[in-house]
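> below: sequence and its predicted model.
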Amino acid sequence: MHYDAVIIGAGMSGLAAGIRLAYFDKRVCILEKHYAYGGLNSYYTLEGREFDVGLHAVTNYAPAQRRAAPFNRLLRQLRLSREELDLRPQRFSEITFPGTRLRFTNDITVLTEQIAAAFPAESEGFRRLLAAVGEFDDTRLDAPYVSARRVLGEYLRDPRLIDMLLLPLMYYGSAEERDMDFTQFVILFKSILCEGFARPRGGVRTVLKALVRKYRGCGGALRMRCGVERLLVQGSRVSEIVLSSGEVLTADAVLSSAGYWETMRLCTSHGKPPPPDEVGRVSFVEVIAVLDELPARLGHEATITFFNEAETFTYARPDEPVDFRSGVICCPSNYEGHEDMPEGLFRVTWLANAEAWMSGDDAAYRARKAALREPFLRFAERCMPGAGAHVVYVDIFTPRTIQRYTGHINGAVYGAPRKRRDGRTPLSNLFICGTDQGYLGIVGAMISGVTIANLHVLDGL
């Protein structure tokens, strides 16, 4: 079977790319090796309860009247309505360090005022940083790497404020340890701190089902439980896509959301191991607790809390299985319009050592997960005194889970540190979208798919 484009992976970027191409009457087939679509942002059911994977928030949230905002441009490109996504904005979120707390909302003036109160000597520097972020062209696909920490040091002098600004951006999108590319910083700063958070009333399944419905409605083919065994290469092109079943497909263009190195090792002429410094090391564990009471009624009112309990912030793979010093708390019921959720959810994400979680047999793995329950419950009690008595169910996902369902080497949530912003690979008809292209988050992933589809398949139409 021949297609104009074959897309590897039915995550947000793959589905968005497929919709964009199908709108222009391209014959498109999306291949997904698992039974559920969504990749890093999917959902599952355990004991009758539905859980989101990945999604804490849809970033880049903007009101409809801001037509030039990335979120609204994306809706037009995919011909999706706001009603289909049923998004509800955050109440407020926060960044906490010992003795310092910064609250933010979907209005950047709130954070600006919080910084002026907590760091009065940095108020003018932060305003200049805001202006620089606003003027920076983060859409350039050829932007050189520049250290975000170095640039922040040109505007701000207080190391704590620099750490506090980096904490949410790194946890929500940095594949690099200890620092990040300034272009990535700007993308995430705008999407998280300037535009802000919202959540579909029905969780991530609302977004995914809208995308799949739109894609199939345009005539696109979606094949589930259909993995790619290898990509045959002739000369400088992918000539055949060999499926795990042995079936062979051909396509004028192949778009992959599986990750750069994960894709290249499928190629018959590029199967060598990646250089160690080009493989992602950043992974997480997340504990999801179901409560018989909503967190706000137990005293935790923030929608999302980015916390650091040490004096300085370290974003790197820890030596131990879990680094409890920093992380993210997400409470879905603390979005507007979620107050009638039948049960509360308290989700905590920490940095993890992928190697520690992937070593040993299944029994050792289960024991490691079980051992995480106690420190989690102690942490929940500190956030919400008495919370332990309200926990009715706990589930945990780890780097091993991430690697299983995404194929990412090391369970690296955000892929490789070096991004391929133009999506190109050494093969002329093979392109990368999604995590390793460089646009992150729910909206960023969809923008990535649309960008690569436009640039490499639809350009010139």
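Noted; the coordinates are in hand. Numbering: from 1, shown residues only.

> for the stretch 251-400 of the chain, which spans come out with low pLDDT?
Within the stretch 251-400 of the chain, the segments meeting pLDDT under 70 span 271.

> where along it do the helices fall?
With DSSP state H, counting those that start in this stretch as the criterion, the stretch 251-400 of the chain has helices at 260-264, 354-358, 362-383, 399-406.

> for the last one, packing partners?
Think helix 399-406. In this structure, helix 399-406 packs against strand 283-291, helix 354-358, with contacts taken as 3 or more CB pairs under 8 Å, 6 or more residues apart in numbering; DSSP states H and E. From N, CA and C alone the C-beta is placed, and that goes for glycine too.

> can I get the last one in PDB, CA atoms only?
Okay, so that is helix 354-358. What follows is helix 354-358, C-alpha atoms only, in PDB (Å, rounded to 0.1, in the frame of the first residue of the first chain):
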ATOM      1  CA  ALA A 354      15.700   5.600  34.900                       C
ATOM      2  CA  GLU A 355      18.500   3.100  35.200                       C
ATOM      3  CA  ALA A 356      17.500   2.300  38.800                       C
ATOM      4  CA  TRP A 357      13.800   1.700  37.800                       C
ATOM      5  CA  MET A 358      14.700  -0.500  34.800                       C
END
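
> now that helix: buried residues?
Neighbour-count burial for helix 354-358 flags 354, 356, 357, 358 (criterion: 16 or more other CB atoms under 10 Å).

> hang on, the earlier thing: residue 112: which of the helices and strands packed on helix 399-406 is closest?
Closest to residue 112 of the helices and strands packed on helix 399-406 is strand 283-291 (CB to CB; 29.6 Å).

> what are the contacting residues of the closest one?
The contact list for strand 283-291, computed with CB atoms under 8 Å, 6 or more residues apart in numbering, reads 49, 51, 298, 317, 321-322, 343-354, 357, 372-373, 376, 380, 387, 390-399, 402, 410-413.

> just to revisit the earlier point, could you export the helices of the stretch 251-400 of the chain as a markdown table, including distance to residue 225?
A markdown table is the format used below for the helices of the stretch 251-400 of the chain (distance: least, CB to CB, whole Å):
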| stretch | distance to residue 225 |
| --- | --- |
| helix 260-264 | 18 |
| helix 354-358 | 24 |
| helix 362-383 | 23 |
| helix 399-406 | 13 |
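
> and among the ones you listed, the most buried is which?
Compared across these, helix 260-264 shows the largest average neighbour count, a mean of 23 (mean count of other CB atoms under 10 Å).

> tell me how far that helix lies from the chain's centre.
In terms of CA atoms, centre = their mean, to the nearest Å, the gap separating the centre of helix 260-264 from the centre of its chain is 18 Å.

> equivalent analysis for stretch 113-124, please.
Taking CA atoms, centre = their mean, one finds the center of stretch 113-124 at 30 Å from the center of the full chain.

> so which bits of that stretch are buried?
For stretch 113-124, a neighbour-count test (16+ other CB under 10 Å) marks 114, 115, 118, 119, 122 as buried.

> what sits closest to the fourth one if chain neighbours are left out?
In this structure, residue 119 finds its nearest non-sequential neighbour in residue 161, 5.0 Å apart by CB to CB, 6 or more residues apart in numbering.

> now the helices for the stretch 101-250 of the chain?
Ranges of helices within the stretch 101-250 of the chain are 108-118, 123-135, 148-155, 159-171, 182-188, 204-217, based on DSSP H, counting those that start in this stretch.

> for residue 6, find the nearest of those.
helix 204-217 (13.9 Å).

> neighbours around residue 304, how many?
When neighbours are counted by other CB atoms under 10 Å, residue 304 registers 27.

> just checking, it touches residue 330?
Yes - under the criterion of CB atoms under 8 Å, residue 304 makes contact with residue 330 at 5.2 Å.

> where do the contact lists of those two overlap?
56, 57.

> one step back: from the buried residues of helix 354-358, pick the one nearest residue 442.
Nearest to residue 442 among the buried residues of helix 354-358 is residue 354, at 23.3 Å by CB to CB.

> distance of the nearest residue to that closest one once chain neighbours are set aside from residue 365?
Spatial nearest neighbour of residue 354, excluding adjacent residues (CB to CB, 6+ apart): residue 399 at 3.7 Å. Applying CB to CB, to the nearest Å, the value for residue 399 to residue 365 is 11 Å.

> quick check: neighbours shared by these two?
Listed as contacting both residue 399 and residue 365 by CB under 8 Å, 6+ apart are residue 357.

> spit out the contact partners of the closest residue in space to residue 322 that isn't next to it in sequence.
With CB to CB, 6+ apart as the criterion, residue 322 has its nearest non-adjacent residue at 5.1 Å, and that residue is residue 350. Residue 350 makes contact with 284, 285, 286, 322, 323, 324, 326, 327, according to CB under 8 Å, 6+ apart.

> where's the spatially closest residue to residue 210 that is not a sequence neighbour, which helix or strand?
Closest residue to residue 210 apart from its sequence neighbours, by CB to CB, 6+ apart: residue 84 at 4.5 Å. Under DSSP states H and E, the secondary-structure element containing residue 84 is helix 82-85.

> just the mean pLDDT for that helix, thanks.
Averaged over helix 82-85, pLDDT sits at 92.

> other SSEs contacting that helix?
Helix 82-85 packs on helix 204-217, going by 3+ CB pairs under 8 Å, 6+ apart.

> sorry, back to before: okay, the residue nearest to residue 119: pLDDT?
On the pLDDT scale, residue 161 is placed at 98.

> put together a markdown table for the helices of the stretch 101-250 of the chain, with distance to residue 9 on each row.
Listed next are the helices of the stretch 101-250 of the chain as a markdown table, based on distance: least, CB to CB, whole Å:
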| stretch | distance to residue 9 |
| --- | --- |
| helix 108-118 | 34 |
| helix 123-135 | 31 |
| helix 148-155 | 28 |
| helix 159-171 | 23 |
| helix 182-188 | 21 |
| helix 204-217 | 13 |
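
> re the thing from before, closest one to residue 170 out of the contacts of residue 350, please.
Within the contacts of residue 350, proximity to residue 170 (CB to CB) peaks at residue 326, which comes in at 9.3 Å.

> quick check: the closest one touching residue 308?
Yes - with contact defined as CB under 8 Å, residue 326 reaches residue 308; the gap is 4.2 Å.

> so what sits against both of these two?
Common contacts of residue 326 and residue 308 (CB under 8 Å, 6+ apart): residue 167.

> please identify which of the helices of the stretch 101-250 of the chain is closest to residue 26.
Closest approach to residue 26 among the helices of the stretch 101-250 of the chain is made by helix 204-217 (11.9 Å; CB to CB).

> how does the chain divide up, domain by domain?
Here the domain parsing of the chain from automatic domain parsing is 2-84+202-277+414-458, 91-195, 281-406.

> pick the most deeply packed of those.
Each of these was scored by mean neighbour count; the highest is domain 2-84+202-277+414-458, a mean of 20, by mean count of other CB under 10 Å.

> fine by me, we can end here.
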